[in-house]
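> The following comprises the amino acid sequence and a computationally predicted model.
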There are 6 protein chains.
Amino acid sequence: MSNTPTGRAALSHLDESGQVRMVDVGGKADTRRSAIAEGRVRMGAGAYQLLSAQANAKGEVLNTARVAGVLAAKRCAELIPLCHTLPLSFVGIEFFPDDATHSIVITTTCRSDYKTGVEMEAMMACSVAALTIYDMCKAADKGIVLEHIRLRYKSGGKSGEWHND
Amino acid sequence: MSNTPTGRAALSHLDESGQVRMVDVGGKADTRRSAIAEGRVRMGAGAYQLLSAQANAKGEVLNTARVAGVLAAKRCAELIPLCHTLPLSFVGIEFFPDDATHSIVITTTCRSDYKTGVEMEAMMACSVAALTIYDMCKAADKGIVLEHIRLRYKSGGKSGEWHND
Amino acid sequence: MSNTPTGRAALSHLDESGQVRMVDVGGKADTRRSAIAEGRVRMGAGAYQLLSAQANAKGEVLNTARVAGVLAAKRCAELIPLCHTLPLSFVGIEFFPDDATHSIVITTTCRSDYKTGVEMEAMMACSVAALTIYDMCKAADKGIVLEHIRLRYKSGGKSGEWHND
Amino acid sequence: MSNTPTGRAALSHLDESGQVRMVDVGGKADTRRSAIAEGRVRMGAGAYQLLSAQANAKGEVLNTARVAGVLAAKRCAELIPLCHTLPLSFVGIEFFPDDATHSIVITTTCRSDYKTGVEMEAMMACSVAALTIYDMCKAADKGIVLEHIRLRYKSGGKSGEWHND
Amino acid sequence: MSNTPTGRAALSHLDESGQVRMVDVGGKADTRRSAIAEGRVRMGAGAYQLLSAQANAKGEVLNTARVAGVLAAKRCAELIPLCHTLPLSFVGIEFFPDDATHSIVITTTCRSDYKTGVEMEAMMACSVAALTIYDMCKAADKGIVLEHIRLRYKSGGKSGEWHND
Amino acid sequence: MSNTPTGRAALSHLDESGQVRMVDVGGKADTRRSAIAEGRVRMGAGAYQLLSAQANAKGEVLNTARVAGVLAAKRCAELIPLCHTLPLSFVGIEFFPDDATHSIVITTTCRSDYKTGVEMEAMMACSVAALTIYDMCKAADKGIVLEHIRLRYKSGGKSGEWHND
């Protein structure tokens, strides 16, 4: 949460008259783009135990969430109005159980060789994977929380690398 | 984060052999269902100021996020594998700016007269509205965080009312 | 183009604060709903002749447009932000060639037993059928025009029958 | 409405036997493509006044229509059977109120660097934006008409520039 | 493959003039509908061994196919032009490895309380699950075959039970 | 059904830990890709006669199936979890009636200039075209079978040409 610009142009999806617009990427060259997003699904001890105790079942829940996240990444531009449709060359989703906080940490990676970045695709994959875990565990705990979904890394394009640690 | 059951049945999307399945709602009666979800989009001071300073522009950004959230609620079952397709009678999305934390708080309400709840639809609307705000402000602040997306309230069905305050 | 009300409530998709919202149909009963829309695709003499001269080919073009229109009616709520998802019991599309004006007149009928009307579904079916004819004939005439797409009839619900002749 | 060819090949979506087919663009090079479409939503005086009188509300209605139009442009190939899926580099939608005729004129611009044109995407954006205005104003006037949706301009590809004034 | 009627009405999706139409289900009552479809994915010994040898991996492949099949059942009416959109109360998919023929047998069950049957939903789920297995194993064997996809059982509606053994 | 490899890497959609993943095509160059799939819809004598007897009706049924197949090819990556979104340059679908077996043989061809193959798109087009024929003829024969859907040919990419005769 930093480097906030000062001009209006900073909200690049608004034109001079303050109306939404898709950014024109027609003049840009294809470069290798990548983005990593991260989020966390935190649940009660009981639900976490249920999820963890059964090796097999856990695999099914997390595999289902992974599949849902990958499919959502590919459909990101259908859901986020001003995103560009783009050909993803890779979507990867990993889950890291964190016993201390009864959480599943989700890391999503998207890549494309295109004119615009894939941040939204990574964020979308992370959110939908998290929502799918919520859906499959909500019978055990309706109070599950999706926490701290954010961009961790991006590379490619004019602005180059960006880290958020 | 409470009332976590102890049996395996608690993960209702897994059958006896631990494989995913859609819950059969065929035997259930239609009741009035509603759900409220809430989340927060927290950004840096600069991005928040840009968003807030321009009454008009702010309207455009938040209206775009609202439209995206409503559309996503209607398509929830396409994205979350084991959700049932259902006819939503209402989707409402409200935004509350919180100057103290440079955040936009999002509240989403879904209703249906159907055999199963609309929690996921409310959670999906909230997540996609939040992602749309991220998308439209990310040129000003890539470090924007989606925080604390969770269910606030549900009613209808066998389990009746549920609050999370 | 008549019976225009005078209060703000007339724009039913705006709430008291002027923000868009989905109309809540939760309190409404299911009734038999139907709607008929009509439009016209007008083209140059040459393109019209090409389309008409070949019995077989004409069938292919119009059948393709019919299929596209039916599919679009079913997906109306994905495209029109504040439309309700609803189960259509019938979609029918008819084409009437009008030699005098080199036009194809399109009539679409939608029906549902539901809480809200199917005007938008009929209008969407008509528009997408018209666009499909445009697409398939545009190599012969880029200047083809979609004309006078409008609702012809609706029935069902509190407001009952409505004609536009 | 002019330059209508005389051979059957003119309906490029039909093959020699008169059956529909997707045109093979495999041999074509990427060029900068653009297309502008235009249409008009004409309503009664009362509905037009309602739409115009409230600066804020008008913004919400038109912004909602703009978002719907942009999303529809990106999904054009899902709806128009023989359209190619293509990566749009830009979609822009503008609204011009015309007090004299109680109309909103809609202009849509699409661009892509691809092997085939974006006429259908511009026409689709225009139609769905118009339908969304209809949907949001139909409570005030069911007789609203979508008029004269047509291509205004295209450039790129072998056939180069084309105007329709 | 039996009871073939003799009149034209037998192709219920064609009207009197031989044009496609959606069957009007407006007059029908909701009944409990169910359908079971079955198909088979047959592969070479090597690919089958790869799939079978790794308990874990096999689970991932088949779970991915199951998730894809469930999602496809819910979207059947988007893909099959004259299918009605309907609310599925249940979708279940099971896999049975058949070592003798190096095949995975797929059984899909769909249920709905609605005015029309769910045969197509079961057939679609089966086909897409089979295609997903093909996709995930094709690096090991491009010659994998989808065999004998057919309806096994249906119940509900006027025609009652139907078996195909 | 041949050349089955022996290592685990053969199931390219599983990573080292046996979890599903999208194959990274980021490093690959665009080449001309094509794929041909084939399948068969076999029905009873009565249904086949109905389909064949009416020149016009048959055209409508098969045209509808062709349109459905083309649309499904374009949406393949939405349905098959680990498929890449890609721009198809061509989709073609042909039907060959086989009187001896009361079957319609379906051949589908897909082409793209891209980094990965179009086998799944051709298989998907074939399956959905077959399912559409089933849907339109099932009133005459519920026992219709989809048979032997498989890849016939592929070219392009590192592995070059592949035939299955």
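Good, I have the coordinates.

> Can you name the residues that contact the most centrally placed residue in chain A?
Geometric centre of chain A, nearest residue: residue A:123, 1.9 Å, by C-alpha atoms, centre = their mean. Residue A:123 makes contacts with A:37, A:108, A:149, A:150, A:151, B:131, B:134, B:146, as judged by C-beta atoms under 8 Å, 6 or more residues apart in numbering or on different chains. (Each C-beta comes from the backbone N, C-alpha and C, glycine too.)

> what is the second one paired to in the beta sheet?
Yep, that's residue A:108 we're talking about. Using DSSP bridges, the bridge partners assigned to residue A:108 are residue A:37, residue A:93.

> Who are the contact partners of residue A:85?
By C-beta under 8 Å, 6+ apart, the residues touching residue A:85 are A:77, D:74, D:87, D:88.

> hmm, back to that, can you tell me the SS state at the residue nearest to the centre of chain A?
Using DSSP: H, G, I helix; E, B strand; the rest coil, the structure places residue A:123 in helix.

> what two of the contacts of residue A:123 are the furthest from one another?
Greatest spatial distance among the contacts of residue A:123 (C-beta to C-beta): A:108 and B:134, at 14.2 Å.

> quick one: which of these two has more around it?
Shown here are residue A:108 and residue B:134; by other C-beta atoms under 10 Å in any protein chain shown, residue A:108 has more neighbours (30 against 26).

> Give me the distance between that one and chain C.
25 Å (C-beta to the nearest C-beta, to the nearest Å).

> That residue contacts residue A:122, correct?
Yes - with contact defined as C-beta atoms under 8 Å, residue A:108 counts as touching residue A:122 (4.9 Å).

> can the strand or helix carrying residue A:51 be found next to chain E?
Under the criterion of DSSP states H and E, residue A:51 resides in helix A:45-53. No - Helix A:45-53 does not reach chain E (C-beta under 8 Å from any C-beta of the partner chain); its nearest approach is 15.4 Å.

> just how off-centre is that helix within its chain?
Taking C-alpha atoms, centre = their mean, to the nearest Å, one finds helix A:45-53 lying 24 Å from the centre of the chain it belongs to.

> can you give me how far the helix or strand following that helix is from the chain middle?
Moving toward the C-terminus from helix A:45-53, the next helix or strand (DSSP H and E) is helix A:55-74. In terms of C-alpha atoms, centre = their mean, the centre of helix A:55-74 is found 14 Å from the chain centre.

> What's the mean pLDDT across stretch A:149-165?
Stretch A:149-165 carries an average pLDDT of 92.

> and what of stretch A:36-54?
Stretch A:36-54 carries an average pLDDT of 91.

> Flag every buried residue along that stretch.
Residues of stretch A:36-54 classed as buried: A:36-44, A:46-51, A:54 (neighbour count, 16 or more other C-beta atoms under 10 Å in any protein chain shown).

> what about residue A:100, how many neighbours?
By other C-beta under 10 Å, 6 other residues sit near residue A:100.

> Equivalent analysis for residue A:99, please.
Residue A:99: 10 neighbours (other C-beta under 10 Å).

> which residues sit in contact with it?
A:48, A:52.

> Residue A:19 too?
Residues in contact with residue A:19, defined by C-beta under 8 Å, 6+ apart, are B:60, D:63, D:66.

> Low-confidence stretches in chain A?
For chain A, the stretches with pLDDT under 70 are A:1-10, A:54-58.

> Spell out, range by range, the helices that occur in it.
A:45-53, A:55-74, A:76-79, A:119-137 (DSSP state H).

> In terms of secondary structure, what does the first one contact?
Secondary structure elements in contact with helix A:45-53, counted by 3 or more C-beta pairs under 8 Å, 6 or more residues apart in numbering or on different chains; DSSP states H and E, are helix A:55-74, helix A:119-137.

> highest average neighbour count across those?
Of all the helices and strands packed on helix A:45-53, helix A:119-137 carries the top mean neighbour count, a mean of 28, counting by mean count of other C-beta atoms under 10 Å in any protein chain shown.

> Compute the number of surrounding residues for residue A:29.
Look at residue A:29: counted by other C-beta under 10 Å, it has 9 neighbours.

> Setting aside sequence neighbours, what's the nearest residue to it?
Nearest non-adjacent residue to residue A:29, counting by C-beta to C-beta, 6 or more residues apart in numbering or on different chains: residue A:115, 6.8 Å away.

> Pretty sure the one you found sits against residue D:89.
Yes - using C-beta under 8 Å, residue A:115 is in contact with residue D:89, at 6.9 Å.

> the more surrounded of these two?
The neighbour count for residue A:115 versus residue D:89, taken as other C-beta under 10 Å, is higher for residue D:89 (25 against 21).
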